Structures are given as C-alpha cells and as structure tokens.
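A.B. asks: curious how this folds, go ahead:
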Amino acid sequence: MSASHTHPAQAIEWPALKEAEPIVRALGKGLQSLILRKGGIAEGRGGFAASHADFWLLPTRFHAQADKIRPEFRFLAEEREGAEPDAVELQYVAKLAWSRWIADWTLIRRLIPLQLWEEELLRERFAYGGKEGLHLLMVRVYRSEKVVCPWERNLGGCRSWVSVRSPWSEALLPVLSDGQFDSCVREAVAAAEGG
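C.D. replies: Numbering: from 1, shown residues only. Predicted coordinates:
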C-alpha cells in the first residue's frame, strides 16, 4: 500500500523530531502511534509545539531511559544511553494526524496502555516545569529507505525539533494499515477525551 505522502523535492532541509530510540523503534514497528512530549529546556518561551505536518523520527540516546519502559516492551531498548553516535540512521517518517495539550493527569493515565513509558516517568514529565501537562501527538508512521545522517552539533541540545539534510524516500510505506491506524486513533481519542 503506498502512502499519500509526497516527497518535498524543493526542500534543502527536512524537519526531524528527536525521540528516544526505544520509542522510535516502537513507532516503526506499529506498537504505538502516539507520542507524549513535554518539550526540551531549549524550546524557548513558547515551549514545545507540534511545528511540522511531516517529519523524520530521529532516534536519540539522550533520555532513552530504558529502565522506565514498561517491562513487556524492554526488548526494544538497548543499554546505550549517553553519548550520541557519530551517525544516526533515519528510517521512519511521521505524518501528524492531530495534537493537543492534556493538562488532566487522569486522561494521561488512560493513554499509558497505548505507549511504552511507565506511569512513573510520565508522571514526572507531566509535573515538570511550571505548567502541568503533556503534549499528545497522534502520528501515522511511514517507512522510508534508510539513510545515515552524520551526528552534527546542530542535532544536540535539549530541543525537540532539528533539521537534517537527508531527504526521505519519494515512496513511503505505512507501518500500519488504514484500518489498524484508524483503530489506534479511536483508542487514543477515547482515552484523551475521557470517553
């Protein structure tokens, strides 16, 4: 099944969302279709925002926190937290279906079964900073031809969004069928709306 995505041929840089390696693996295997984010300390005064409709998922070792993944999913984690490698492999592209800020902890708790992080870590992130809550990003994930991107200085730091000079494939394959993704969306909406 081919994706409805088209390649942004005119671009010279492509947006990428930095996310913990185990989460990128889970998204790439279709084990979750949502991302819960607080945002990095370098996000600026406005904080984190879902700034792009289509973006690379850039796996990072920083804050990978393998011990904070629910036990049944720890097989996705490798004990490699710390320094980033000389290069990073990019293979998955996300298309943002929708996003929202959730400031109600009971709704975040309802989302726990739909993603990998343990409750304790989500609770810490929910309470971090001056404003309680987490961003929920519902994403449709696609597989691209793998590219190797040098780990450059601009990819570091405590910020969520970066730019890379590596384009994704013109043809992208969804990791979940339309029906599977629709089911994930229904579950997330029901949890996020308290239904």
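
A.B. asks: make it CA atoms for all contacts and neighbour counts henceforth
C.D. replies: Will do.

A.B. asks: contacts for the helix or strand bottoming out on mean pLDDT in the chain?
C.D. replies: Sorting the helices and strands of the chain by mean pLDDT, DSSP states H and E puts strand 161-164 at the bottom, at a mean of 89. Contact with strand 161-164 is made by 13-18, 149, 154-155, as judged by Cα atoms under 8 Å, 6 or more residues apart in numbering.

A.B. asks: between the residues you listed, which sits nearest residue 165?
C.D. replies: Among the contacts of strand 161-164, residue 13 lies closest to residue 165 (Cα to Cα), at 4.7 Å.

A.B. asks: tell me what the top helix by length along the chain is packed against?
C.D. replies: Looking across the chain with DSSP state H, the single longest helix is helix 178-192. Contact partners of helix 178-192 among helices and strands, from 3 or more Cα pairs under 8 Å, 6 or more residues apart in numbering; DSSP states H and E: helix 105-111, strand 134-150.

A.B. asks: quick one: buried residues of the least confident helix or strand of the chain?
C.D. replies: 161-162, 164 (16 or more other Cα atoms under 10 Å).

A.B. asks: got JSON lines for those, with distance to residue 189 too?
C.D. replies: JSON lines is the format used below for the buried residues of strand 161-164 (distance: Cα to Cα, whole Å):
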{"residue": "161", "distance to residue 189": "25"}
{"residue": "162", "distance to residue 189": "28"}
{"residue": "164", "distance to residue 189": "32"}
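
A.B. asks: and of these, the nearest to residue 92?
C.D. replies: For these, the nearest to residue 92 is residue 164 (13.5 Å; Cα to Cα).

A.B. asks: what about the closest one, distance to residue 141?
C.D. replies: 18 Å (Cα to Cα, to the nearest Å).
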